[in-house]
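> The amino acid sequence is not available; the structure is as follows:
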């Protein structure tokens, strides 16, 4: 069980880092194409919140499913 927690803990850190890199790259690309402050305060912010939330929810769903499978395997 500890290995499962470690695996998903490290995966969460990796996903957070990947999101950070994605945010930085999209921000730089937006800036190169002439995005203004209004873009970064509205559209970009909402887009990044959505991406971060969906990434976390997918991780949480996968983690929950793995815990369920592990518990189910222990019963039998």
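Good, I have the coordinates. Everything quoted here is computed from the prediction, not taken from an experiment.

> residues contacting residue 1?
With contact taken as Cβ atoms under 8 Å, 6 or more residues apart in numbering, residue 1 is in contact with residue 70. For the C-beta atoms, the positions are set from N, CA and C on the backbone; glycine is no exception.

> Can you tell me how far it is from residue 70?
From residue 1 over to residue 70 the distance is 7 Å, taken as Cβ to Cβ, to the nearest Å.

> Ok, residue 18 next?
Distance from residue 18 to residue 70, counting by Cβ to Cβ: 25 Å.

> now the lengthiest helix in the chain: how far from the chain's centre is it?
Across the chain, the longest stretch assigned as helix under DSSP state H is helix 43-75. Offset of helix 43-75 from its chain centre (Cα atoms, centre = their mean, to the nearest Å): 8 Å.

> quick one: contacts for the spatially most central residue of the chain?
Per Cα atoms, centre = their mean, the C-alpha nearest to the average position across the chain is that of residue 55, at 3.2 Å. Counting by Cβ under 8 Å, 6+ apart, residue 55 touches 15, 19.

> Which per-residue confidence value corresponds to it?
On the pLDDT scale, residue 55 is placed at 94.

> same question, residue 68
91.

> residues near it, how many?
Around residue 68 there are 10 other residues, counting by other Cβ atoms under 10 Å.

> Next, count neighbours for residue 15.
When neighbours are counted by other Cβ under 10 Å, residue 15 registers 15.

> in the helix or strand it falls within, what counts as buried?
Applying DSSP states H and E as the criterion places residue 15 in helix 2-32. Across helix 2-32, burial judged by 16 or more other Cβ atoms under 10 Å covers 8, 30.

> tell me the angle that helix makes with helix 43-75.
170 degrees (axes from the mean of the first three to the mean of the last three Cα atoms, to 10 degrees).

> Point out the other helices and strands that the helix or strand of the chain with the lowest mean pLDDT packs with.
Sorting the helices and strands of the chain by mean pLDDT, DSSP states H and E puts helix 37-41 at the bottom, at a mean of 82. Here helix 37-41 touches helix 2-32, going by 3 or more Cβ pairs under 8 Å, 6 or more residues apart in numbering; DSSP states H and E.
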